[in-house]
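Novice: just the structure for this:
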Amino acid sequence: MQFALLCLSSFLFSASFNMLIPELPAYLSSLGGAEFKGYIIGLFTITAGIARPFSGKLTDRVGRVPVMAVGSLVCVICGLLYPLLTTVAGFLWLRLFHGFSTGFKPTATAAYVADIVPANRWGEAMGIHGLCFSTGLAIGPAIGSELYQRVSMNALFYCSSLFALLSIVILMNMKETLGEKQKFQFAMLKMSRKEIFEMRVLPGAIVCFLSYLSYGAILTLISDWGSHLGVANKGLFYMVFTVSSLLIRFMSGKMSDRIGRVSIIKFSLFLLVVSMLLVAIAESALFLMFASAVYGVATGMLSPALTAWIIDLSHPEHRGKAVATMYIALEAGIGLGAFVAGALYISDINMIPFTFYLVAGLTLLALLYLVLIYKPGPKIKINES
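Specialist: From the prediction side, this is the model:
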């Protein structure tokens, strides 16, 4: 029951912040900030990354449920403030603040899943939860665009806030799983170097960083590459890879419980390399959609297995910090991938294939690391009951 409530809360949370994305560029332009469209995702990602070490520390000290609630509360507040702060500066500050939401909730959520699910079913659980979270990501934009077209932009903002509020209501009916909770003190926000990264999960963080460089490149280049190849709907690539990712998540998570996380991760990295090569050599819209489907299968297999592996590597008392370390690596990979792709592209369509060849090579490094360098350490004893 607790796991079902968690999945529902995550669905509402992901739909809440993602329903805004399709309409925000046009909204920012209407405020007179068309030249700042690139900041919409960039500012959000910056604060999400900054929040990770703090959310990991608080998850392990204050509790999983309060940290999840803080993440959703940020979305509630932002949804109410967007209609009030109608200047470009106000909008950009809100995007910066809004990023704290994903900096907090997913970290505590993964730790909560590990607390309530037996270790031998973590992969399956992460797959199911990822399915619910990704469904929210996929459905949110459709709901948002419909609301904007039929009602107004403000109605969309308020609906985003409502979804986040419902996510909190569900959380309030969930039991805390952290055994020895501490009362929040501002001194907890003081971070030392050793509190930022969980060194036990460094192998997983390396793989996460290298594998998510591809997503940064996709976010930066795929719209222009798709238009060049004749894709009429710029969102079609994302829709195809999201659907294919959803279809494989549950099965791949279960497989990682049976045959091992690293085995599934190796195969998914191989598919990820193949998908980047397919994107690079695509010469038609149909071929690009095929590449998108392969990319979706690769990421759908990778995500639950990688998250479960991170938790496998971590100490039970530092699960929050371990998951935060993974997300820091993930966001660093996406950010660097986007930066490199943008720096190489500079409106020269002929550079896009080269960029994806480069990303494929960097992803291959993750696979080679697991095959040639990584050596499993002793397993941490955990209760699988």
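Novice: export only the CA atoms of the helix-or-strand element of the chain with minimal mean pLDDT, formatted as CSV.
Specialist: Every helix and strand in the chain was compared by mean pLDDT, DSSP states H and E; the lowest is helix 193-196, with a mean of 72. Extracted in CSV, the C-alpha atoms of helix 193-196 (Å, rounded to 0.1, in the frame of the first residue of the first chain):
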residue,chain,number,x,y,z
ARG,A,193,33.2,17.8,1.5
LYS,A,194,32.7,14.3,2.7
GLU,A,195,29.0,14.9,3.0
ILE,A,196,28.5,15.9,-0.6
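Novice: flag every buried residue along it.
Specialist: Using 16 or more other Cβ atoms under 10 Å as the test for burial, helix 193-196 gives 195-196. Where you see a C-beta, it was placed from the backbone N, CA and C, and this is true even at glycine.
Novice: what are the contacting residues of that helix?
Specialist: With Cβ atoms under 8 Å, 6 or more residues apart in numbering as the test, helix 193-196 has contacts from 53, 57, 321, 325, 328.
Novice: just those residues now: which is nearest residue 31?
Specialist: residue 328 (31.7 Å; Cβ to Cβ).
Novice: now do the contacts for that closest one.
Specialist: For residue 328, the contact set (Cβ under 8 Å, 6+ apart) comprises 49, 52-53, 196-197, 205.
Novice: just residue 254 next, same as before
Specialist: By Cβ under 8 Å, 6+ apart, residue 254 lies in contact with 123-124, 127.
Novice: which is the next helix or strand following the least confident helix or strand of the chain?
Specialist: Following helix 193-196 in sequence order, the next helix or strand is helix 202-211 (DSSP states H and E).
Novice: what is the mean pLDDT for stretch 299-306?
Specialist: Computed over stretch 299-306, the mean pLDDT rounds to 89.
Novice: for stretch 323-340, same thing?
Specialist: 83.
Novice: any buried residues in it, and which?
Specialist: So for stretch 323-340, counting by 16+ other Cβ under 10 Å, buried means 323-338, 340.
Novice: for stretch 5-18, same thing?
Specialist: Of the residues in stretch 5-18, 6-7, 9-18 count as buried by neighbour count, 16+ other Cβ under 10 Å.
Novice: in helices only, show me those residues.
Specialist: The members of the buried residues of stretch 5-18 that map onto helices under DSSP state H are 6-7, 9-18.
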